[in-house]
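In: got a sequence here, can you model it:
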Amino acid sequence: MGYGNSTHRQEEWMPELNAPPTRVAGRGRGWYRGDCHVHSVHSDGELTPDQLAAGARAAGLDFLATTEHNTAAAHGAWSRHVGDDLLVILGEEVTTRTGHWLALGVRPGQVVDWRYGLRDGRIDGRIEEVHRAGGLCVAAHPHAPYASGTFMYPYRGFDVVEVWNGAWSSDVPWNADNEAALAEWGRGLAADIHRGRWRPAMGNSDTHLAGQIAIPHTVVLAEELSADAILAGIRAGRSWIAGSSAVELSCTASAGGRSAGIGERLKAGDAPVVVRVDVRGVPSGTVGFHTEQGRAHSASLPESGTGAVEWRTGTADSAFVRIEVRRPDGHMAALGNPIILA
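Out: Numbers count the residues shown, from 1 in each chain. Reported below is the predicted structural model:
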């Protein structure tokens, strides 16, 4: 989502003395919920950082990323809104002439240049700049249907693809452009896995208005609740996307006494692989098991929305399996990164 190409005139580096803490004490290894694409009044959003922080807490989020368009003006403003229950990651939405991308985990006050397009050949240098800072580069809403929103760059160099972007209005959680982004990412996943390096998916609300935060958001397995650990989990694909905080998803693949979860590799050999999916919060939904052959199997959830389903496969049939959970109307409720079957 985006409402124009904001052009804040900033220096490439703005020192900030009041950047938010990068780690939340006492929060060890676990699954953390977060929204890495939000806008406040510091660019073109309608909410203040205080309102966004309150919304994140109400939605059950553990972290969020501040991603104003082409500015670091909000970085210092977040320091007084974080606490033991909420981590804030510094970022920027870089709105170039031929596509938008997220720079996550930048330094306090760092501004990544946006004044270029595909033909200028400048994006590789900007990606390297973010990587040098320890950050993550995300191709944002690649099929957004508005001027400059469609992502025209190759994914080469980007760490993650935002396949699920928030709604244009607060009451519609799944858009046609998300379906196109998911299909494009899914088609390339098999080839990338066979080449030994695949690019994870993530989902974010792209909040501009009240009622949008956390719809959707990304649930990350991290060693601790810190900016570095969260970005490492996203980079590794140890994550899944939730349509709301009411949705829970767990997926494991087991073979020969070994098991692996989302974003992990299962050394299955020739043994049969049992994939188990546990879901909560999707009444009468459908669980789809996707491999390099597309959707290979599906199963229905009960009216209660809580259930477990299993499916058997093997490495002869696919190099990975990933999960989609859809509501009865076909809209996405949850989406997982793949488990690699070696």
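
In: tell me where the stretch 1-150 of the chain has strands.
Out: For the stretch 1-150 of the chain, the strands defined by DSSP state E, counting those that start in this stretch cover 30-38, 63-66, 87-96, 99-104, 136-139.

In: in the longest one, what's buried?
Out: Put plainly, it is strand 87-96. 87, 88, 89, 90, 91, 92, 93, 94, 95, 96 (16 or more other C-beta atoms under 10 Å). To be clear about C-beta, it is placed using only N, CA and C from the backbone, and glycine gets the same treatment.

In: the spatially closest residue to the last one that is not a sequence neighbour - how many residues pack around it?
Out: Going back to what we said before, that points to residue 96. Nearest residue to residue 96 in three dimensions, chain neighbours excluded: residue 114, at 5.2 Å (C-beta to C-beta, 6 or more residues apart in numbering). Residue 114 sits with 23 neighbouring residues when counted by other C-beta atoms under 10 Å.

In: pLDDT score assigned to residue 114?
Out: We have a pLDDT of 98 for residue 114.

In: gap between it and residue 181?
Out: 21 Å (C-beta to C-beta, to the nearest Å).

In: same check on residue 100?
Out: 13 Å.

In: which one's more surrounded, the two?
Out: residue 100 (29 against 25).

In: just list whatever residues bridge to the more buried one.
Out: residue 95 (DSSP bridges).

In: what sits closest to residue 223 if chain neighbours are left out?
Out: Nearest one to residue 223, counting by C-beta to C-beta, 6+ apart, is residue 229 at 4.7 Å.

In: contact partners of the helix or strand harbouring the one you found?
Out: If you go by DSSP states H and E, residue 229 is part of helix 227-236. Under the contact criterion C-beta atoms under 8 Å, 6 or more residues apart in numbering, helix 227-236 has outside partners 22-23, 32, 34, 36, 63, 87, 89-90, 104-105, 134-136, 159-160, 200, 202, 218, 220-223, 239, 263.

In: what's the end-to-end length of stretch 55-63?
Out: With C-alpha to C-alpha, to the nearest Å as the measure, stretch 55-63 spans 12 Å from end to end.

In: can you tell me what sits against that stretch?
Out: Contacts of stretch 55-63 (C-beta under 8 Å, 6+ apart): 24, 27, 32-35, 47, 64, 85-89, 207, 210, 213-214, 217, 225, 230, 244-245.

In: ok so residue 187 is a strand residue?
Out: No: counting by DSSP: H, G, I helix; E, B strand; the rest coil, residue 187 is not part of a strand but helix.

In: what about it, how many neighbours?
Out: Other residues lying near residue 187 total 11 when counted by other C-beta under 10 Å.

In: lowest-confidence helix or strand of the chain?
Out: helix 176-194 (a mean of 93; mean pLDDT, DSSP states H and E).

In: what about residue 28, how many neighbours?
Out: Neighbour number of residue 28 under other C-beta under 10 Å is 9.

In: quick one: contacts for it?
Out: Contacts of residue 28 by C-beta under 8 Å, 6+ apart are 223, 224.

In: still on that earlier bit, could you dump the strands of the stretch 1-150 of the chain into TSV with distance to residue 307 added?
Out: Output for those, formatted as TSV (distance: least, C-beta to C-beta, whole Å):
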stretch	distance to residue 307
strand 30-38	19
strand 63-66	29
strand 87-96	32
strand 99-104	34
strand 136-139	32
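
In: want to throw these into a markdown table with mean pLDDT and distance to residue 73?
Out: Listed next are the strands of the stretch 1-150 of the chain as a markdown table, based on pLDDT from 0 to 100; distance: least, C-beta to C-beta, whole Å:
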| stretch | mean pLDDT | distance to residue 73 |
| --- | --- | --- |
| strand 30-38 | 98 | 14 |
| strand 63-66 | 98 | 10 |
| strand 87-96 | 98 | 10 |
| strand 99-104 | 98 | 15 |
| strand 136-139 | 98 | 20 |
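
In: backbone dihedrals for residue 278, please?
Out: phi -110, psi 130 (degrees, to the nearest 10).

In: just give the nearest non-adjacent residue to it, would you?
Out: residue 250 (4.3 Å).

In: my guess is residue 181 contacts residue 175. True?
Out: No: with contact defined as C-beta atoms under 8 Å, residue 181 does not reach residue 175; the gap is 9.5 Å.

In: please enumerate the shared neighbours of these two.
Out: Joint contacts of residue 181 and residue 175 (C-beta under 8 Å, 6+ apart) are residue 165.

In: does residue 129 touch residue 107 like I think?
Out: No: the criterion here is C-beta under 8 Å, and residue 129 misses it with residue 107 at 10.3 Å.

In: which neighbours do these two share?
Out: Joint contacts of residue 129 and residue 107 (C-beta under 8 Å, 6+ apart) do not exist.

In: ok, whichever strand or helix holds residue 276: who's next to it in the sheet?
Out: According to DSSP H and E, residue 276 maps onto strand 273-280. Strand 273-280 pairs in its sheet with strand 248-255 (antiparallel), strand 307-313 (antiparallel), by DSSP bridges.
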